[in-house]
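Q: sequence first, predicted model second:
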Amino acid sequence: MRPFNFRSAWLVVMATAALLTGGPVTVSAQEQTVGTVQGVVTDDMGVPMRGVEVVAQCSGSATCDTTYHTATGITDANGRYQISFQGIGTFYISASVMVDGIPISLTPDSAEPFIRTQNVTRNLRILYYAGRGGSDYGVGGIVRFNQPIGDYSSIAGMQVTLTPQGSGTAITRVIRETGDGLIVDGFKPGTYTVTARLNGATMMLAPHATSNWAISYVGKFINRDFNYTRHMWLDVKSAPAGTPSPTPNAPAPDTSSGPPEGGPGPEWGRPTDVPVDRRSFTLPGAAQVAGRWSVRPVSMWFAGSSHASRANTVGVALSVTNTSPLPQDLSRSFRFQMNGRSTYAPKSVDSGGFSLGRLASGESKEVWVTFSIPQQEQAAIRSMTVIAIQQPITPLLGRPSESPPIEISLYRRPPNDQVPAPSTNNQGKTDAPSGQTTPAPPPTDNQTPPPPPPGPPAPPPVPTGDVRVIGPVALSRDWSLEIVGLSHRDGAAGGQNETIVHADLINQSRAAVPMNSRMLSADLQWSGGQAPAASWEAWVNGLKQPLDEGFTLGAGQTVRLIARHPVSAEAQRAVSGWKVSVTAGGGGAFDLRLPPRNAAFQPHTPIYVGPVDPAPTPGLEAGMRALEGVYAAPDFGELTLRYEGGLLLGETRVRAGQPVMDTLKLAMPRAGKLQGVMQRTDQPPSRAWYTLDLTVSPDRARLQGEMGNVHPPINTPRAFTAQRSGPAPAPASTPAPAGDPQGQSPAPASGTGSTGAPAATTAASAAPTRVGPYDVVMVSSRKTPEGDWESTWSLTNRSSATTRVNLNDVAVTLRSADGQTSTAAGPYHYAGETDRRVRSSGFEIQPGEETKIRFWHSGSSRMTPVGYSVRAGTSESVIGGAGGGQSAAAGGAFQHTAYLDMKVDRVAPSANGGVEVTLTARHDGDIRRGIQHDPQQYAVVGSDGEEYRWDGNYYGASGTQRLSNTVYLTRSQGVVTYVFPQVPAGVTPVRLILRQNGQQTASFDLP
């Protein structure tokens, strides 16, 4: 038997340990030899690419020398690079570039690794190709497809065709199933027309989670956050019989402008009283570090005992990011535990029904963790524990280790499933977080993941309140409290005498705070005494949560508190304040003023009478007769109006032929205005009356305004809109009697001027301004009889190709002297100086052809125009309007935006290409705001007239300092840098533009 050599074994152990820890290792002269790799980098057309970083990286062998793990080189003007490197192991070459905002990996001409003693050549180029199988992704843009809720039909074998806008060859591919769902991939980034067919039948397409269905979709690939596998995300369904020829749709509908022409359709409207089992609820909370991962809560969902396919389950969605410099296997990296009356191990862990797979450095993925929990036990859920498992790089480093656990606060299922229907904001949109998409519950066994359900509801509105109260905000060390609603009940409509206070309590600390009803006390104060709160309710993100020992409010989270105080009607008339004490966390005491009952509303009667026949003038009668017809009203269905006895009488139905749901009586006190009431026919009259205050659009095709519940009377009206289903009839030409200032019929919204309306202001002759492919000149601006401004513009196509203009492609923003803006966007564009609306499908402009478009600037009646900016596609330019003016703030001046006050400090080239803009952000409020929580989108306009978007990240003083923690501002200011990687060399950024929900909120001239 050969004797064991302890000395040799010890040397092997020491050398291995030094190697794995990065310590010094003595090697031969041959092992220190410097090798080189060189080559040329070209794009997909074979053109050399300058400034590309090429990386030579060790291939992951256990013999890699960590001291020389990677080496990099940058291509010159001819696309050439050369990298010198040394170290033990085999290496491979890689590089990536941004193409139209999409990260694209370059393909080497040889995938064979090489060792450091070789001098090798590796050329790289952009090569777009589709992936294969279920886990392999190709290179290029990716289109992902989902099916509507409840549609579980198979779309396997569906053919998808992408036709490039402008020039290029159409590409058809068959969808395939991957870890990110059903996709087609391998397309060059750009703008395409997308169509789909299944077994020869045309399919309908819509942007994901919208109802903008059409048989073709026009859009571009967009880099969506860190998830690079969702460049274009569409919903797909079968087209009904008799579907017309393709009409490209816009990337996303503007729900504030009502449904598209042709009626609401089954996809429009908002959900009401959706049960808990069919909703997902957004989970607040910042990302937490767990080992080599960053974990952020996204949402959770419940499934009770009656659920068909997922009975007695609870699911939690997490966004997980790989923060290590190396790829990691997501499937082996976590351990989860649900905490309630007992602890529960997960039933399944996946990514929407698909495997988790490996994540590259910096890559993110949604992880769905599902637990089997009986419905009665779901009311006791408190939190979920997440433990990261750190796998060793090699088995020689020992066994896997676990990181310290992190806790994620969760909701508990309400005992009686108490969830309000989603509320609507003043713009008529269903409240939901901006830019977030809530995942659906996990799929059934057929592995076809359903699309997300409707977005999470906002905190409950104040449906029982009599007056809307805003502020003031009271602050303590850990809490802020704001009263948002007040309701005085006198028992006239049933129930008891009580005053109900609605308030938002925000945890301003940096930690989660346990609390319960015993930690809250409140006294309603009046001149003759005070009354304590008899009961409390707590609502978090639309879920009613019991205020018991298991309730925890996360850092920065808001809870809507509802306190009920039994008091007499006499005491309600003398109410003066609300005194609140919070003992949870750091505690706080608040003393807030409240309005008395007689200041909040007048005594109400159980039945409301409609408007009296106002004996309208002939002009007003003609205006009301012109409004007769059928309208599509979101949330109500079909609205029919007819003129009778000096009033417009209306009826709503879910659809034609169905029973009447509401009746309306509307009077026209002056041209363009309607006022009256609406009564529900399926509820007692004492509880179902609403006031209506509406404005008629200039073309008489749209009614828009507010609807308020008048029993009990409240000051929190919601939006009401109605869109005419057919063409508007021309109003009768009825001259007004002499001396009658209100006798004018609604004036056509044209630039020629009409009786009673200000004459049009013709713009002075000016040189055209180039906006995209168009020469743009203002023709005129005027005020309509309703008081809003209109502007008419001439667009001449200066390109060599026919251009197609959709409603959302062109917009004009009016600017006033006080900084206010009003953006006129589709669908209210009119052809020239006529009343003919531009059709929703858009129009074409031939090369050299001129067309005129008139824009209606809604809500601009109190503005004095000083200038305009015109957007065509992605290009935008400032054009002096009435009085000239400047649209953008000077570089060194603070300007109000939709979130923070900002000023530009620096514009410089970015280290990795493109440009970066550094700004100072300022917040003067007492409630903190995070720089990274800014909902606005940033873009720069270059000297070439093109617009370039930011990369979606936040940096410090420069683009090399990535902000890892949220920077909060409270009466302070901070520095933030935005990087725009797509700005080409030689193009100078001239303007910074901020937008929210597609509307411009601010702009800055760049130095």
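A: Happy to help now that I have it.

Q: mind giving me the domain split of the chain?
A: As given by automatic domain parsing, the domain ranges for the chain are 9-125, 141-257, 276-409, 473-593, 618-724, 761-879, 895-1005.

Q: so which of the ones you listed is nearest Arg132?
A: Taking C-beta to C-beta as the measure, the domains of the chain were each checked against Arg132, and domain 141-257 came out nearest at 8.1 Å. Where you see a C-beta, it was placed from the backbone N, CA and C, and this is true even at glycine.

Q: check contacts around Ala985.
A: Each residue near Ala985 by C-beta atoms under 8 Å, 6 or more residues apart in numbering is listed here: Arg50, Gly51, Gly913.

Q: on that earlier part again, could you dump the domains of the chain to CSV with mean pLDDT?
A: Written out in CSV, the entries for the domains of the chain read as follows (pLDDT from 0 to 100):
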stretch, mean pLDDT
domain 9-125, 74
domain 141-257, 77
domain 276-409, 81
domain 473-593, 81
domain 618-724, 79
domain 761-879, 73
domain 895-1005, 86
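
Q: in a markdown table: the ones you listed, plus distance to Arg132.
A: A markdown table is the format used below for the domains of the chain (distance: least, C-beta to C-beta, whole Å):
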| stretch | distance to Arg132 |
| --- | --- |
| domain 9-125 | 15 |
| domain 141-257 | 8 |
| domain 276-409 | 15 |
| domain 473-593 | 42 |
| domain 618-724 | 45 |
| domain 761-879 | 34 |
| domain 895-1005 | 30 |
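
Q: so which of the ones you listed is nearest Gly131?
A: Within those, the stretch nearest Gly131 is domain 141-257; the backing value is 5.8 Å (C-beta to C-beta).

Q: just want the phi and psi numbers for Pro374.
A: Recorded main-chain torsions at Pro374 are phi -60, psi 150, according to degrees, to the nearest 10.

Q: if I look at the nearest residue to it once chain neighbours are set aside, how far off is Tyr129?
A: In space, not counting the residues next to it along the chain, Pro374 is nearest to Asn312; the distance is 5.0 Å by C-beta to C-beta, 6 or more residues apart in numbering. If you measure Asn312 against Tyr129 using C-beta to C-beta, to the nearest Å, the figure is 45 Å.

Q: quick one: which of those two has more around it?
A: Shown here are Asn312 and Tyr129; by other C-beta atoms under 10 Å, Asn312 has more neighbours (19 against 12).

Q: which residues does that one contact?
A: Under the criterion of C-beta under 8 Å, 6+ apart, the neighbours of Asn312 are Ala303, Gly304, Ser305, Ser372, Ile373, Pro374, Gln375.

Q: where do the helices sit along the stretch 601-750 of the chain?
A: Secondary structure of the stretch 601-750 of the chain (DSSP state H, counting those that start in this stretch): helices located at 618-625.

Q: can you map out the strands along it?
A: Per DSSP state E, counting those that start in this stretch, the stretch 601-750 of the chain has strands spanning 629-633, 637-644, 647-653, 662-667, 673-680, 689-696, 702-709, 718-724. These are given in chain order.

Q: again with the stretch 101-250 of the chain
A: When assigned using DSSP E, counting those that start in this stretch, the strands of the stretch 101-250 of the chain occupy the ranges 102-105, 107-108, 114-115, 119-121, 124-125, 141-146, 159-164, 171-174, 176-178, 181-187, 191-198, 201-207, 217-220, 232-238.

Q: out of these, which is closest to Asn339?
A: Go through the strands of the stretch 101-250 of the chain one by one with C-beta to C-beta and the one that ends up closest to Asn339 is strand 181-187, at 31.1 Å.

Q: strands paired with the closest one, and their directions?
A: Taking DSSP bridges as the criterion, strand 181-187 sits next to strand 141-146 (antiparallel), strand 176-178 (antiparallel) in its sheet.

Q: let's see that strand as PDB, backbone CA atoms only.
A: Once side chains and other backbone atoms are set aside, the C-alpha atoms of strand 181-187 remain, and they are given as PDB (Å, rounded to 0.1, in the frame of the first residue of the first chain):
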ATOM      1  CA  GLY A 181     -45.300  32.800 -21.100                       C
ATOM      2  CA  LEU A 182     -46.300  32.600 -24.700                       C
ATOM      3  CA  ILE A 183     -44.000  34.600 -26.900                       C
ATOM      4  CA  VAL A 184     -42.500  35.300 -30.300                       C
ATOM      5  CA  ASP A 185     -39.000  36.800 -30.300                       C
ATOM      6  CA  GLY A 186     -35.900  37.700 -32.300                       C
ATOM      7  CA  PHE A 187     -37.100  41.000 -33.800                       C
END
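
Q: what does that strand contact?
A: Here strand 181-187 makes contact (C-beta under 8 Å, 6+ apart) with 128-131, 137-146, 155, 160, 162, 171, 173-176, 221, 229, 352, 354, 449.

Q: can you do 6 Å?
A: Outside of strand 181-187, the residues that reach it under the criterion C-beta atoms under 6 Å, 6 or more residues apart in numbering are 128-131, 138, 140-145, 160, 162, 173, 175.
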